[in-house]
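Chemist: Fold the stuff below for me.
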Amino acid sequence: MRKNLLSEARQSLIYVENALSRIENGTYGECEVCGEPIEEKRLEALPYATLCMKHAE
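Modeler: Residues are numbered from 1 along each chain as shown. Now for the predicted structure:
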């Protein structure tokens, strides 16, 4: 169980680090597929989202 928790924590850290990188390079909040803005409510729920709702499905 601890191994799973550690793995999940590492993955979460990677997501957050990637989001911080997107903030630094000015692409935070843009869908990686279409380049359109990611919905604000999606970013509130999942701050490290990289896809808009259309492409996340």
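Chemist: Which residues are in contact with the residue lying closest to residue 31 once chain neighbours are set aside?
Modeler: With sequence-adjacent residues excluded and distances taken as C-beta to C-beta, 6 or more residues apart in numbering, residue 31 is closest to residue 52, at 4.0 Å. The C-beta positions use only the backbone N, C-alpha and C, and glycine is treated the same way. With contact set as C-beta atoms under 8 Å, 6 or more residues apart in numbering, residue 52 has these partners: 31, 33, 34, 36, 37, 38, 39, 42.
Chemist: what residues are up against the residue nearest the centre of the chain?
Modeler: Ranked by distance to the mean C-alpha position of the chain (C-alpha atoms, centre = their mean), the top residue is residue 48 at 2.2 Å. By C-beta under 8 Å, 6+ apart, the contact list for residue 48 reads 15, 16, 18, 19.
Chemist: contacting residues for the first one?
Modeler: I take that to be residue 15. Listed by C-beta under 8 Å, 6+ apart, the contact partners of residue 15 are residue 48.
Chemist: So it: helix, strand or coil?
Modeler: helix (DSSP: H, G, I helix; E, B strand; the rest coil).
Chemist: Hmm, residue 38 and residue 31 touching each other?
Modeler: Yes: taking C-beta atoms under 8 Å as the contact criterion, residue 31 and residue 38 are neighbours in contact, 5.6 Å apart.
Chemist: any common contacting residues for those two?
Modeler: Jointly contacting residue 31 and residue 38 under the rule C-beta under 8 Å, 6+ apart are 50, 51, 52.
Chemist: What is the burial count for the first one?
Modeler: Just to be clear, that refers to residue 50. Burial of residue 50 is recorded as 19 neighbouring residues (other C-beta atoms under 10 Å).
Chemist: and if you look at residue 1?
Modeler: Here the count is done by other C-beta under 10 Å, and residue 1 has 5 residues near it.
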